[in-house]
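Q: Okay, sequence plus prediction incoming.
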Amino acid sequence: MSVAAATETGQDPIILRVEKLTKHYGSTAALRDVSLGIRRGTIHGLLGENGAGKTTLVGIISGQRTPTSGSIYLDGQPIVNVDVKAMEKAGVFLVTQEPMIIDHITAAENLMLGIWPSSGGFVNWRKLKADAARMLQDTGIDPQSLAGKLDAVARRKLNILRAMFSGGKVIILDEPTAALTVEDRAQLFTFMKELKAQGVTFIFISHYNDEILEICDACSVLRDGALAGGTEDVGNLTSEQLSELVLGRGLVLFQRERRTYNEQRPAVRIRDVRGDGINVSALDLRPGEIVGFTGLPGAGAKELARMIFGLMPVRSGTIALGDSPVQPLPAAPRDAFDMGIAFLSDDRRRDGLVAQMTIGENISLSSLSAVARSGFLKPEAEKVLSDRYFKAMGIKASGPATVVDTLSGGNQQKVCLGRVLATGPRLLMLDEPTRGIDIGVKQDVLRIIDELSLTGVCVIIVSTDTDEIVRAVDRVCIFEAGAIREELSGDEITSERLRQGAKVTAGA
Ligand SMILES: Nc1ncnc2c1ncn2[C@@H]1O[C@H](COP(=O)(O)OP(=O)(O)OP(=O)(O)O)[C@@H](O)[C@H]1O
């Protein structure tokens, strides 16, 4: 039901209200006296820098975390004993970035998980199936297809639909567009707008200004755990104003001064890489060059990087770094690491952050040879290294001794990046280096990579974020069907060319 319709029927136009929500984790105040209202049938953006308190707020609203104090009202009614069950019963669902989908059952069965309508105590399967099929109508999802066969956007849609199927009135989406292509993202947004027209209310977390401007009606901004501002009319804002609202200051967007390297001898020579679906004859990088890899999922950008790091097997392929002799591509990450190749995966959980260890220990973990002598870790060396990257990455925590587990998602991503940079590589490969990182820190990260390249380190950035590629690289390889289909350099690298060349995700 829209706001106007709600008003006509005398319903409170505010569907969800939080009052004076506070959350302490030990001595950290993650949320401080936050009060806000979400209007019925709108898409409400929730913005803020890494560590501002967004996840904590939606964690409380969805009942996953317990507030230290404060109240939540749904349809004007206070929710007592806030927990996941109570919030879901009231109609509030959190859809996380990693869709909770069971691959070996059908799309329709996934929708029905946990909701068994009963007639006389028995599950009415026929009704359930008919309801699920009706719900999936016009979504492009075949109710009978195995969920494991669905693409990224269908999986996200399925998660949203499951929340609705379970009676969801307010659906919270935490960075739902991560890893989606431009087309997928457009499809998801159209879908959300359709559901909004049916009366569903969304809370939408994103670090991308263009997404907020495109999809949100209203927004609230958190800064250091407190409500820093917001608007009921996002349409009136420019991207610059939005950045200023989030950061509390203006934002200078980073732009690399692109260089051309024709004369120089390559510092990295990769030849004849053949492996599962990959066929790349030659790729050279000059000293200090930053090359972007992009393309649709499965087109080869990510796969080639993983093969160069020994994470995916190859049938053939060689690499030569500087004046070192030509060698087969590394068989395992350990070999790659010994050759001076570092890699940041797009998945920090797989990347092996050790949650119970400190930031400093995590940063120095991959650089043991730099901090250890004769098998012993030198605490001073570890401290110098971790202090340096803790500061350089602008990690929001009281110090390098903070345990990683207690950091916000974006700050954990910064620790991963710091750890890879601290290895002092000759070839640095970064897969989606700024995903999940706020717009301010994104500029810092791109600047750090730029500065590193000026010392001669070659960098490959695998990215679906056109904005990132346009502003950070010297040259970009567009992948298709496992091969480099097109290369752009200098002024050829524009968002339009990239979108034509490969339908990739746009960032802010
Ligand atoms: N389990 C925890 N223990 C201690 N501190 C925590 C815990 N979870 C979050 N925090 C702290 O609470 C603050 C808010 O974190 P939160 O995850 O809500 O931020 P966020 O806005 O979602 O950030 P991001 O954009 O990086 O995901 C941060 O300072 C974080 O370090």
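A: Happy to help now that I have it.

Q: partners of whichever strand or helix holds Phe293, with directions?
A: Assessed by DSSP states H and E, Phe293 sits inside strand 290-295. Applying DSSP bridges, strand 290-295 is found paired with strand 458-462 (parallel), strand 475-480 (parallel).

Q: For the last one, what does the pLDDT average out to?
A: If I follow you right, that is strand 475-480. For strand 475-480, the mean per-residue pLDDT is 95.

Q: got the residues of the protein near the ligand?
A: 25, 28, 30, 48, 50-56, 396, 406-411, 438 (CB under 6 Å from any ligand atom). Where you see a C-beta, it was placed from the backbone N, CA and C, and this is true even at glycine.

Q: Need the residues that contact the strand holding Phe293.
A: 256, 283, 285, 301-302, 304-305, 449-450, 453, 458-464, 466, 468-469, 472-480, 485, 493, 498, 502, 504 (CB atoms under 8 Å, 6 or more residues apart in numbering).

Q: For burial, what's the neighbour tally of the residue in the stretch 301-450 of the chain that the ligand sits nearest to?
A: Closest to the ligand within the stretch 301-450 of the chain is Gly410: 2.7 Å, counting by CB to the nearest ligand atom. Per other CB atoms under 10 Å, the neighbour tally for Gly410 reads 25.

Q: continuing past the helix or strand harbouring it, what's the next helix or strand?
A: According to DSSP H and E, Gly410 maps onto helix 409-421. Later in the chain than helix 409-421, the nearest helix or strand by DSSP H and E is strand 427-431.

Q: how far is that next one from where the chain is centred?
A: 17 Å (CA atoms, centre = their mean, to the nearest Å).

Q: now stretch 458-472
A: 15 Å.

Q: ranges for the helices of the stretch 1-150 of the chain?
A: In the stretch 1-150 of the chain, the segments counted as helices under DSSP state H, counting those that start in this stretch are 3-8, 54-61, 84-90, 107-112, 125-136.

Q: Can you add mean neighbour count and distance to Gln144 and give the ones you listed back as CSV?
A: Shown next, in CSV, are the helices of the stretch 1-150 of the chain (neighbours: other CB atoms under 10 Å; distance: least, CB to CB, whole Å):
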stretch, mean neighbour count, distance to Gln144
helix 3-8, 14, 35
helix 54-61, 24, 33
helix 84-90, 16, 27
helix 107-112, 23, 7
helix 125-136, 16, 9
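
Q: Least reliable of these by average pLDDT, please.
A: Across the helices of the stretch 1-150 of the chain, helix 3-8 gives the lowest mean pLDDT, at a mean of 52.

Q: Leaving out the residues flanking it, which one is nearest to Leu74?
A: Ala90 (4.7 Å; CB to CB, 6 or more residues apart in numbering).

Q: and the one you found, what does it touch?
A: Neighbouring residues of Ala90 by CB under 8 Å, 6+ apart: 74, 77, 79.

Q: remind me which residues of the protein are low pLDDT?
A: 1-11, 97-99, 114-124, 263, 348-352, 367-379, 501-508 (pLDDT under 70).

Q: Got the domain ranges for it?
A: 14-101+150-247, 267-340+425-507, 348-424 (the TED database).

Q: Tell me which of those sits nearest to Asp138.
A: Shortest distance between Asp138 and the domains of the chain, using CB to CB, is found for domain 14-101+150-247: 8.5 Å.

Q: what about the closest one, start to end distance?
A: 27 Å (CA to CA, to the nearest Å).

Q: any idea how far Leu304 is from Ile319?
A: 12 Å (CB to CB, to the nearest Å).

Q: more neighbours, those two?
A: Leu304 (30 against 21).

Q: what are the ranges of the strands in the stretch 251-400 of the chain?
A: With DSSP state E, counting those that start in this stretch as the definition, the stretch 251-400 of the chain shows strands at residue ranges 268-275, 278-285, 290-295, 314-321, 327-328, 341-344, 372-373, 376-377.

Q: centre of the chain versus the fifth one, how much separation?
A: Just to be clear, that refers to strand 327-328. 34 Å.

Q: same for that strand, what does it pack against?
A: strand 314-321 (3 or more CB pairs under 8 Å, 6 or more residues apart in numbering; DSSP states H and E).

Q: State the paired neighbours of the strand it packs on in the sheet, together with their directions.
A: Paired strands of strand 314-321, with direction, are strand 268-275 (antiparallel), strand 327-328 (antiparallel) (DSSP bridges).

Q: residue contacts, the nearest residue to Ser408 once chain neighbours are set aside?
A: Of all residues not flanking Ser408 in the chain, Gly51 sits nearest, at 4.1 Å (CB to CB, 6+ apart). Each residue near Gly51 by CB under 8 Å, 6+ apart is listed here: 396, 407-408, 410-411.

Q: now the helices: where do they sit in the stretch 301-450 of the chain?
A: 301-308, 333-339, 359-365, 368-371, 379-392, 409-421, 439-454.

Q: The ones you listed into TSV, with extra columns for distance to Ile102?
A: Below are the helices of the stretch 301-450 of the chain laid out as TSV (distance: least, CB to CB, whole Å):
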stretch	distance to Ile102
helix 301-308	25
helix 333-339	30
helix 359-365	32
helix 368-371	40
helix 379-392	39
helix 409-421	24
helix 439-454	34
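
Q: Of all those helices, which one is nearest Val252?
A: Of these, nearest to Val252 by CB to CB is helix 439-454, at 6.9 Å.

Q: Restricting to C-alpha, output the closest one in PDB.
A: Output of helix 439-454 as PDB, limited to C-alpha atoms (Å, rounded to 0.1, in the frame of the first residue of the first chain):
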ATOM      1  CA  ILE A 439      32.900   6.000  -1.000                       C
ATOM      2  CA  GLY A 440      35.500   8.000   1.000                       C
ATOM      3  CA  VAL A 441      37.800   5.100   1.700                       C
ATOM      4  CA  LYS A 442      37.400   3.900  -1.900                       C
ATOM      5  CA  GLN A 443      39.300   7.000  -3.000                       C
ATOM      6  CA  ASP A 444      42.000   6.300  -0.500                       C
ATOM      7  CA  VAL A 445      42.300   2.700  -1.600                       C
ATOM      8  CA  LEU A 446      42.600   3.700  -5.300                       C
ATOM      9  CA  ARG A 447      45.200   6.300  -4.300                       C
ATOM     10  CA  ILE A 448      47.300   3.600  -2.300                       C
ATOM     11  CA  ILE A 449      47.200   1.300  -5.300                       C
ATOM     12  CA  ASP A 450      48.300   4.200  -7.500                       C
ATOM     13  CA  GLU A 451      51.200   5.100  -5.200                       C
ATOM     14  CA  LEU A 452      52.300   1.500  -5.000                       C
ATOM     15  CA  SER A 453      52.400   1.300  -8.800                       C
ATOM     16  CA  LEU A 454      54.700   4.300  -8.900                       C
END
